[in-house]
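Engineer: sequence and predicted model, in that order:
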Amino acid sequence: MREEAIKRFLLVTGVIWLLIFSLIPFLWMVIISFSSSPDFLVRGEGSFTLKNYIDIITIKTLHFPDYLKNSGIIAGLSALFATIIGAFAGYAVSRFRFRGRLPLIMCVLGLSMFPQISMVGYLYRMMSMLGWINTYPALILPYTAWGLPLALWMLLSYFSQIPQEIDRAALVDGASRLQILRKIILPLALPGLVSTYLLLFIFSFNEFLFALMLTTDHHARTVPVGIALFQGLHGELPWGYIMAASTISSLPVVLIVLFFQRYIIQGLTGGAVK
């Protein structure tokens, strides 16, 4: 009984410390975003205000609504394309036995381990040749390619759980492979598809390096880069604006996790037990 109480105490203590460690930076960001002075705890000055939020939305030179729109469009489309391509690839690899199948999967996984900085120079040169610098395709294409390994591995593990006897029965009934994928496999694997899309959306929404190198102004620049360059626009660190913009841009990710956590967990653990 004593051992059980010790385990429970250690578990509760660990959870509390983890929550404190995770939530304090976020709470500090929210507090600063509503304060008129970022060092109000030191000087004892400052008051509650909505000015920071009003300014980043209404001041046109900050272009924050443009950054938010760009991030939503780019992240949404790149996650959609990666999920669709990953679904086709995952179905093919899980259903067909061909030479080099395992090395192909390992190569796709290996490619995802290359650091972004090692290829951003070549990517910039390619986008310059195509005339795509500071456009949506300049980010959608790399984000789609960068998210494909994750999409393939998640959907492959999910499709592998679905018995192949279902495919054989549908083939006997005259269905094509495309009809089987569209009408049978994808509906059964819906939690995996949703979780894959959400994780890819979060990844693309938060990506910084490609967005920094491949965009030049608010026409295609995303939220992470836009917030980082607030200081360049003003010649100082406008912490109130930075924290307010960070709080607003964090809301979509937080809401996605809160409302779709069941699908995310099912998708991540779907291939763990067959």
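Structural biologist: Noted; the coordinates are in hand. Residues are numbered from 1 along each chain as shown.
Engineer: Ala138 and Val15: what is the separation?
Structural biologist: Separation of Ala138 from Val15 (C-beta to C-beta, to the nearest Å): 43 Å. (Each C-beta comes from the backbone N, C-alpha and C, glycine too.)
Engineer: tell me which of those two has more neighbours.
Structural biologist: Set side by side, Ala138 and Val15 show more neighbours around Ala138, with 25 against 10, by other C-beta atoms under 10 Å.
Engineer: could I get the full set of helices for the stretch 51-200 of the chain?
Structural biologist: 51-58, 64-95, 101-111, 120-130, 136-159, 164-172, 177-180, 186-188, 190-206 (DSSP state H, counting those that start in this stretch).
Engineer: quick one: which of those helices is nearest Ile31?
Structural biologist: helix 51-58 (11.5 Å; C-beta to C-beta).
Engineer: show me the contacts for the residue positioned nearest the centre of the chain.
Structural biologist: In the chain, the centroid-proximal residue (C-alpha atoms, centre = their mean) is Ile202; its distance is 1.7 Å. With contact taken as C-beta atoms under 8 Å, 6 or more residues apart in numbering, Ile202 is in contact with 75, 253, 256-257.
Engineer: most neighbours, which of these?
Structural biologist: Ranked by neighbours (other C-beta under 10 Å), those are led by Ala75, which has 26 neighbours.
Engineer: was I right about that residue contacting Tyr143?
Structural biologist: Yes - counting by C-beta atoms under 8 Å, Ala75 touches Tyr143, with 7.4 Å between them.
Engineer: common neighbours of those two, please.
Structural biologist: With C-beta under 8 Å, 6+ apart, Ala75 and Tyr143 have common neighbours Ser204.
Engineer: what part of the protein, helix or strand, is modelled with the least confidence?
Structural biologist: Within the chain, no helix or strand scores below helix 40-43, which has a mean of 58 by mean pLDDT, DSSP states H and E.
Engineer: check the gap between Arg101 and Ala151 for me.
Structural biologist: From Arg101 to Ala151 the distance is 18 Å (C-beta to C-beta).
Engineer: which of those two has more neighbours?
Structural biologist: Each of Arg101 and Ala151 has its neighbours counted (other C-beta under 10 Å); Ala151 has more, 26 against 13.
Engineer: list the contacts for the more buried one?
Structural biologist: Ala151 neighbours (C-beta under 8 Å, 6+ apart): 82-83, 85-87, 89-90, 196, 200.
Engineer: now with 7 Å, please.
Structural biologist: Contacts for Ala151 (C-beta atoms under 7 Å, 6 or more residues apart in numbering) come out as 82-83, 86, 196, 200.
Engineer: spatially nearest residue to it (excluding sequence neighbours)?
Structural biologist: Gly86 (2.8 Å; C-beta to C-beta, 6 or more residues apart in numbering).
Engineer: these two touch, right, the one you found and Leu155?
Structural biologist: Yes - counting by C-beta atoms under 7 Å, Gly86 touches Leu155, with 5.1 Å between them.
Engineer: buried residues, the helix or strand containing Ile256. List them.
Structural biologist: Applying DSSP states H and E as the criterion places Ile256 in helix 239-269. Using 16 or more other C-beta atoms under 10 Å as the test for burial, helix 239-269 gives 239-250, 252, 256, 260, 263-264, 267.
Engineer: for stretch 97-108, same thing?
Structural biologist: 105, 108.
Engineer: now do it: distance to the chain's middle.
Structural biologist: From the chain centre to the centre of stretch 97-108 is a distance of 26 Å (C-alpha atoms, centre = their mean, to the nearest Å).
Engineer: for stretch 23-32, same thing?
Structural biologist: Using C-alpha atoms, centre = their mean, the offset of stretch 23-32 from its chain centre is 21 Å.
Engineer: likewise for stretch 112-126?
Structural biologist: 19 Å.
Engineer: and what of stretch 70-80?
Structural biologist: 10 Å.
Engineer: which outside residues touch that stretch?
Structural biologist: The set of residues external to stretch 70-80 that reach it, using C-beta under 7 Å, 6+ apart, is 136, 139-140, 143-144, 147, 197, 200-201, 204-205, 220-223.
Engineer: alright, calling it a day.
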